[in-house]
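Visitor: What follows is a predicted protein model with its sequence.
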Amino acid sequence: MQETMDRVFEIVAVVVEVLGAVAIIIGIITAVVLAGLALLRGQGGKAAIATLRTSLGAGILLGLEVLVAADLVRTITSKPSLEDALILGLIVVIRTVLSMSIQIEIEGVLPWRRALTTSGAQVLADQVKAASRAPEVGSADVGGAADPR
């Protein structure tokens, strides 16, 4: 019975790791597509690069968050040894620091200084929404809409 449960949780951890890798790959593809759309719409190279950086960072951030979840599943279900716990703890710390660094790069503000928590998935979704809204021909943003950050 215990061997079966161990095997099931091992499979769950691997599936979650694969989902994390897929999230990063989809984030890369989405970032390139969104940057290409920005260029095709004539928004200029600067806007395309900003879109690429933000979207790419959001995809990587989402993937890292999923990979940390996989590490937690693996830690909870593994046979406890001090060495394994330390190695997994170090991996989680490294991924968390990377996630925070990417989030600071995307948002331009320290995580503890922002009023609302924004996940990588939310940032990526905001980029997709922004890219799907085509600017109307001949209209100017006179209302001075605030940047959602």
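Guide: Arrived safely, thanks for sending. Numbers count the residues shown, from 1 in each chain.

Visitor: Please count neighbours and contacts with C-alpha atoms only from this point.
Guide: Will do.

Visitor: for the helix-or-strand element of the chain with minimal mean pLDDT, which positions count as buried?
Guide: Least confident helix or strand, the chain: helix 120-132 with a mean of 76, by mean pLDDT, DSSP states H and E. Neighbour counts over helix 120-132 (16 or more other C-alpha atoms under 10 Å) mark 120-121, 123-124, 127-128, 131 as buried.

Visitor: distance of residue 8 from residue 18?
Guide: 15 Å (C-alpha to C-alpha, to the nearest Å).

Visitor: Correction: the previous question concerned residue 38.
Guide: According to C-alpha to C-alpha, residue 38 stands 30 Å off from residue 18.

Visitor: For those two, indicate the residue with more neighbours.
Guide: It is residue 38, of residue 38 and residue 18, that has more neighbours when counted by other C-alpha atoms under 10 Å, with 23 against 16.

Visitor: Report the next helix or strand after the biggest helix by length in the chain in sequence order.
Guide: Longest helix in the chain by number of residues (criterion: DSSP state H): helix 2-40. Following helix 2-40 in sequence order, the next helix or strand is helix 45-77 (DSSP states H and E).

Visitor: returning to what we had before: the inter-axis angle of the longest helix of the chain versus helix 120-132?
Guide: For helix 2-40 against helix 120-132, the angle by axes from the mean of the first three to the mean of the last three C-alpha atoms, to 10 degrees is 30 degrees.

Visitor: and helix 2-40 with helix 45-77, angle?
Guide: Helix 2-40 and helix 45-77 are oriented at 180 degrees to each other (the same axes, to 10 degrees).

Visitor: Pull the distance from helix 2-40 to the chain's centre.
Guide: 10 Å (C-alpha atoms, centre = their mean, to the nearest Å).
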